[in-house]
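S.K.: Here you go, sequence then predicted model.
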Amino acid sequence: MPYKSSVPLFWRLKKSKYNLIGTKCNTCDKVFFPKKSLCPNCRRRGNLDDFQFSGKGKIVSFTVIRVPPEGFEKYAPYAAAIIELDEGARLSGQIVGDFSKVETGKPVRAVFRKINEDGNEGLINYGLKWELSE
Amino acid sequence: MDIGIVGYGCYIPRLRISVDEIARVWGTDAESFKKGLIVEEKAVPEMDEDTITISVEAGRNALLRAGIDPKKIGAVYIGSESHPYAVKPSGTVVAEALGLGENIMVADFEFACKAGTAAMQCCYGLVKAREIEYGLAIGADTSQGRPGDALEYTAAAAAGAFVIGKDPLATLEGTHSYTTDTSDFWRREGEDYPSHGARFTGKPAYFKHVVSASKLLMEKLSLKPSDFNHIVFHMPNGKFPLTASKILGFKNEQIEQGFVVKRIGNPYSGSSPVGLCAILDAAKPGDRILMTSYGSGAGSDSFSFMVTDKILERRDRAKKTEDYIKNKKNIDYGVYVKLRRKLKI
Amino acid sequence: MRVAVVGVGQTKFDEHWEKSLRDLSTEAGALALRDARIDGRDIQSLYVGNMSAGRFIGQEHLGALAADQAGLIPIPATRCEAACASSALAFREAYFSILSGQYDIVMAAGSEKMTDLKGTDAIATLMGAGDQEWESAIGLTFVSLYALMARRHMEKYGTTREQLAMVSVNNHRNGTLNELAQFPKEITVEQVLKSPLISDPLRLLDCSPITDGATAVILVSERLAKKFEKPIWILGSGQASDTLALHHRKSMTELLSTKAAAKKAYEQAGLKPKDIDISEVHDCFSINEIIAIEDLGFCEKGKGGKFVEDGKIAREGEKPINPTGGLKSIGHPVGATGIRQISDIIKQLRGDYGKLQVKDAKTGLALNIGGSGATAVVNIFGRDKPK
């Protein structure tokens, strides 16, 4: 349960979660998010480096979650989408703001928000969500 | 070489609750509150926004305008009275989220509503001492007022951020602080809402400190009210800064540009910083700006800035204050109560 | 070497407030043994499918637990896990253990006890089937993943909200005859369209329920099969994987895992989609049945909605799908479903399934899917012993 008390589980992913740092393979020029330790195309011929995504993308598909899982109760209903980053990789993320305006194909940009928190005593998890670009 | 604001940026959450709506719930006279406070509505954070997230967004805008490598920032100080953690700095999260690197000085500041300007002074001092190349100072709050209390009509959320360093868009000409032990407003550890001294917050507190700090700075720099194009004071409501400006001999048009309180309320540590951002959004090279914050407890930090021609190339690199003020959605008191966690669930 | 299924057992799928996981597993195992008319001591090895007893009831080490409860000690007992496809995996392992020549008679079982956990906890537990770091961590739920697929399918192929509803309606109509089903009652398209939104565009009646239940089947070698009445033969078995996270897939309107698993199973069986008489497919959410119909080759890609609307999937239609009620009506105790599907195909192919019997069913296919399609298992069965 990542939203629960595990500190290292979230901590180790923090740089990627806060800053969209993924991987680029210099052999095939493909970019990956999240980070990869092996290029699935080039395998041992792959040559991987950290890659900073710009935080811009577009919506591939979306939904509005009305029955949330444990840990997200107070944020519901919220919109979530699959986002294709301008540089090529895809990820899942929440869309902030009015979900009545969310549509497939619309451009979005990353914003920094609270993801959830472990009760009143535990840690607060932060990360990126997405807002429609005007 | 001149030191001052190299980049600036603000963030104001999208949600608003109006004085009318709060008055409707408590059965008070909305018109007299609006007239007395000169506040129409206030900015409210979403469920997933807090001082850390709004600091990151304001900080990002400031870095965009500064146009510098974030790794050159040598210090980040965040002033707030609503840090999400009692123990664990907001600054570490903000520094990582902004990609500032690990060789950096970080601390959270607290001085009621003036902790953000105290952060600016620290950054200024460190740059001047050549300890750091740039510093990032942020004033941010997601303020809470006790339900039904007068503070509830104004306590708002917003952040202002400033990259302090050389080659500024506004040169810091001088700063002066005036501080006494005056308990006009406080919150004890573990309490949800602040307490305040009602009318005691006026004359012996806000006015004494704002007026003294401003006057002493002008004396120090040999400047008079007419030397300033724009002024911004801490805005706990609309009336206090207007009265202070009258006492000091400023004209209404000098305070207009930074007078954001009417439309966003009082975001505590973010109040005068957001006002300053609004001024910089419109200022011309050669304009002089006076900013005086106020923090209960009590003290004021006064600053004089001279706008340079760098403002012209950097201003449009990020969202402006007016963009945030206009992008809004009004909510009712029920939603407000849910978002601000005034409901025990 | 050929392998046959000679015994099946299933508890009622329900909210079993009075029964534990061990009660249900033992009951299903005993039913399968009775059905095969053999004794527990004849079983040489046991394979148990279960998704998440560790989180649902805090119990791991399910293989040994099952062997212990069933009095089968000291035979080897192995747990298999692939989220909602766990028991189809257990079935394949059982199948391979006979193919290897190691055993002649083995049991494959599946179980899940889901209702001991409250709703939001159960939702979070099920999401363990997705990518914990990059899907669950941002608040995605299981139904939301299928909702994301549904929207793409609707936008790309014009699949309608009504067509999705018709999947649930068909499965519930079939389920009314099934006494082991959790919700054996008819529903209408209008009821589906008016049920509460869970994750747009999917509504409550697009979703399979949270269920307790257990299932078991007995597999035997070709050598032993002739001693049994009506053995049903495994003609082909395929399993395939895809990315754990939905967002990493190029297409969101098909499951590559289903396609690859089906290709393998069809090849082994020497059959084509048109040769399949009946199918049990994984309708955890209505959209998944439409995608499955297409991926299994029963119709062209994008025409699944129309296929459903035209009534081809009805019990009396040209391609009966989920003729016993599907996950929607029967219920979906996640780790038990794969073997429940297989056991229903076996009963159909034996030809004596009473009110639920589909006429002249000689070949049957079961598709069990794990997660949002990261695992798919296709098994094809035949009434007649293959050459």
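M.R.: Looks like it came in fine.

S.K.: Can you give me the domain assignment for chain C?
M.R.: With domains defined by automatic domain parsing, chain C comprises C:3-118+C:210-225, C:139-209+C:235-382.

S.K.: Nearest residue to the residue of chain A positioned farthest from its centre in space, ignoring adjacent ones along the chain?
M.R.: In terms of distance from the mean C-alpha position of chain A, A:R45 ranks first, at 28.0 Å (Cα atoms, centre = their mean). If the residues on either side of it in the chain are set aside, A:R45 comes closest to A:T27, at 5.5 Å by Cβ to Cβ, 6 or more residues apart in numbering or on different chains. The way it works is simple: take the backbone N, C-alpha and C, and place the C-beta from them, glycine included.

S.K.: And for A:E87, the neighbour number?
M.R.: Residues lying near A:E87 (other Cβ atoms under 10 Å in any protein chain shown) number 17.

S.K.: And the one 4 residues further on, by the same measure?
M.R.: By the other Cβ under 10 Å criterion, the neighbourhood of A:L91 contains 24 residues.

S.K.: Show me what the lowest-mean-pLDDT helix or strand in chain B is in contact with.
M.R.: Across the helices and strands of chain B, mean confidence by mean pLDDT, DSSP states H and E is lowest for strand B:195-196: a mean of 92. Strand B:195-196 is contacted by residues B:L151, B:D184, B:F185, B:W186, B:R187, B:R188, B:S296 when judged by Cβ atoms under 8 Å, 6 or more residues apart in numbering or on different chains.

S.K.: I figured C:M149 was touching C:E289, is that so?
M.R.: No - in terms of Cβ atoms under 8 Å, C:M149 does not count as a neighbour of C:E289; the distance is 11.9 Å.

S.K.: Give me the phi and psi angles of C:Y353.
M.R.: Main-chain torsions, C:Y353, degrees, to the nearest 10: phi -90, psi 20.

S.K.: Would you check that it makes contact with C:K347?
M.R.: Yes - applying Cβ under 8 Å as the test, C:Y353 and C:K347 come out as touching, 4.5 Å apart.

S.K.: More neighbours: the two, which one.
M.R.: C:K347 (21 against 18).

S.K.: Get me the contact residues on the stretch 51-200 of chain B for chain A.
M.R.: Residues of the stretch 51-200 of chain B lying close to chain A (Cβ under 8 Å from any Cβ of the partner chain) are B:I52, B:T53, B:V56, B:E57, B:R60, B:P84, B:Y85, B:V93, B:E96, B:A97, B:G99.

S.K.: Can you give me the buried ones in the helix or strand of chain C with the lowest mean pLDDT?
M.R.: Lowest on mean pLDDT, DSSP H and E among the helices and strands of chain C sits helix C:119-126, with a mean of 88. Buried residues in helix C:119-126, counted by 16 or more other Cβ atoms under 10 Å in any protein chain shown: C:T120, C:D121, C:A122, C:I123, C:A124, C:T125, C:L126.

S.K.: separation between the second one and C:Q182?
M.R.: Distance from C:D121 to C:Q182, counting by Cβ to Cβ, to the nearest Å: 20 Å.

S.K.: what's the answer for the first one, then?
M.R.: From C:T120 over to C:Q182 the distance is 21 Å, taken as Cβ to Cβ.

S.K.: do stretch B:43-53 and chain C meet?
M.R.: No - Stretch B:43-53 is not in contact with chain C by Cβ under 8 Å from any Cβ; minimum separation 10.2 Å.

S.K.: Just the terminal-to-terminal distance for that stretch.
M.R.: Chord length of stretch B:43-53, first to last residue, is 15 Å (Cα to Cα, to the nearest Å).

S.K.: Report the distance from it to the chain centre.
M.R.: Mean-position distance between stretch B:43-53 and its chain equals 15 Å (Cα atoms, centre = their mean, to the nearest Å).

S.K.: so which of the contacts of strand B:195-196 also contact chain C?
M.R.: Applying Cβ under 8 Å from any Cβ to the contacts of strand B:195-196, one finds that nothing falls near chain C.
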